[in-house]
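*Asks:* Need the 3D shape of this:
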Amino acid sequence: MKAETAIYSAFEDVEPMDTADSERNLMRAVLRTAMEDLKKGGELHRDACRFFLSTDEDYLFSFVSICNHLEISPASILRAIGVIGPSFGRIAA
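*Replies:* Now for the predicted structure:
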């Protein structure tokens, strides 16, 4: 492709998209939604508690997996949202 073509000129300054950004944004949205659901009652609250207290690391969108992928301490989040106290068995700070 010649450098002087319109197509080349239109896209030469475009930064390549990192597809991992979309995945990380989705993971952040899952965490944010679960945190909001904790404030609600009923089944949404119970589901959010189960999500946060699950130790499943295999499912890509499990709490522990999301934290590992985003390099966030699961125990720190659990303490911050009030799900656990200062120490928590298997999930280390």
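*Asks:* Correct me if wrong: residue 52 contacts residue 64.
*Replies:* No: between residue 52 and residue 64 there is no contact under C-beta atoms under 8 Å: 9.7 Å. Backbone N, C-alpha and C define where each C-beta goes, glycine included.
*Asks:* So these two - more neighbours on which side?
*Replies:* Taking neighbours as other C-beta atoms under 10 Å, residue 52 and residue 64 compare with residue 52 leading, 21 against 17.
*Asks:* Which residues are in contact with that one?
*Replies:* Going by C-beta atoms under 8 Å, 6 or more residues apart in numbering, residue 52 touches 34, 38, 63, 77-78, 81, 83.
*Asks:* got a winner among these for most neighbours?
*Replies:* Going by other C-beta under 10 Å, residue 63 tops the contacts of residue 52 with 25 neighbours.
*Asks:* in the protein, which spans are helices?
*Replies:* 6-11, 19-38, 42-53, 63-70, 74-80 (DSSP state H).
*Asks:* Now do the contacts for the residue nearest to the spatial centre of the chain.
*Replies:* With distances taken as C-alpha atoms, centre = their mean, the residue of the chain nearest its centroid is residue 27 (2.6 Å). Going by C-beta under 8 Å, 6+ apart, residue 27 touches 61, 66, 69-70.
*Asks:* any weak-confidence spans in the chain?
*Replies:* Filtered on pLDDT under 70, the chain yields the residue ranges 1-17, 19, 85-93.
*Asks:* From residue 63, how far out is residue 28?
*Replies:* Separation of residue 28 from residue 63 (C-beta to C-beta, to the nearest Å): 13 Å.
*Asks:* Restricting to C-alpha, output stretch 64-74 in CSV.
*Replies:* In CSV, the C-alpha atoms belonging to stretch 64-74 read as follows (Å, rounded to 0.1, in the frame of the first residue of the first chain):
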residue,chain,number,x,y,z
VAL,A,64,-10.8,-15.1,42.5
SER,A,65,-10.0,-15.4,38.8
ILE,A,66,-11.0,-11.8,38.1
CYS,A,67,-8.8,-10.6,41.0
ASN,A,68,-5.9,-12.6,39.8
HIS,A,69,-6.3,-11.4,36.2
LEU,A,70,-6.6,-7.7,37.3
GLU,A,71,-3.8,-8.2,39.9
ILE,A,72,-6.0,-7.2,42.8
SER,A,73,-5.9,-8.8,46.2
PRO,A,74,-9.2,-10.7,46.8
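*Asks:* All set now, cheers.
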